[in-house]
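Q: Sequence first, predicted coordinates after that:
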Amino acid sequence: MNRTAIAIVTLTLTGTAFADVYIYPNRGQSQEQQSKDRYECHTWAVQQTAFDPSRAQAAAPPPSSGQPGGEVVRGAARGALVGTVGGAIAGNTGTGAAAGAAVGGLLGGMKRMDNGRAQQQQQAGQQNSNAQQRASYDRALGACLEGRGYTVR
């Protein structure tokens, strides 16, 4: 009698595949029992870790400043205003406004770059957090299935 039975399963709950898990039913569990155990262990792992990989873990979109380059335009406008006042004191409002606009635009561009870096760091932190939560969930799921008589890899 040839009894080679290894279940290679892509766990799928609510239509979302979330992990390739190799499960071997050590106690001859039926396919129906395997499905029931996978569902119950998924539910238990979610309760233990507060992480559900069957739900989308989308990163939040970066905040919009309205239009691309908005920081540069706002900085240039502020700089031109300050430059106009400074130029009026020195006797040449046009030159003061132009110099102020240039400096303000440069500072606005630097602010835009800083905001972009901060957003990238925030997204990387979120991805790292999701990966850690996912690893905890995977450990909990594996522990539950092993406790029910499966070899999990």
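A: On my side now, so go ahead. Residues are numbered from 1 along each chain as shown.
Q: Which stretches in this structure count as strands?
A: 7-13, 16-25, 150-152 (DSSP state E).
Q: least reliable of those strands going by mean pLDDT?
A: The weakest mean pLDDT among the strands of the chain belongs to strand 7-13, with a mean of 44.
Q: Give me the below-cutoff pLDDT ranges for this protein.
A: By pLDDT under 70, the low-scoring segments of the chain are 1-20, 56-70, 72, 75-76, 78-93, 96-97.
Q: tell me the domain ranges of it?
A: When the chain is parsed with automatic domain parsing, its domains come out as 7-58+135-152, 70-129.
Q: Could you export those as CSV, including mean neighbour count?
A: Where you see a C-beta, it was placed from the backbone N, CA and C, and this is true even at glycine. Shown next, in CSV, are these (neighbours: other Cβ atoms under 10 Å):
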stretch, mean neighbour count
domain 7-58+135-152, 15
domain 70-129, 15
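Q: Mind giving me the packing neighbours of the longest helix along the chain?
A: The single longest helix within the chain, with elements called by DSSP state H, is helix 93-147. Counting contacts by 3 or more Cβ pairs under 8 Å, 6 or more residues apart in numbering; DSSP states H and E, helix 93-147 packs against strand 16-25, helix 31-49, helix 70-90, strand 150-152.
Q: Okay, now the sheet partners of the last one, with direction.
A: Paired with strand 150-152 in the same sheet, following DSSP bridges, are strand 16-25 (antiparallel).
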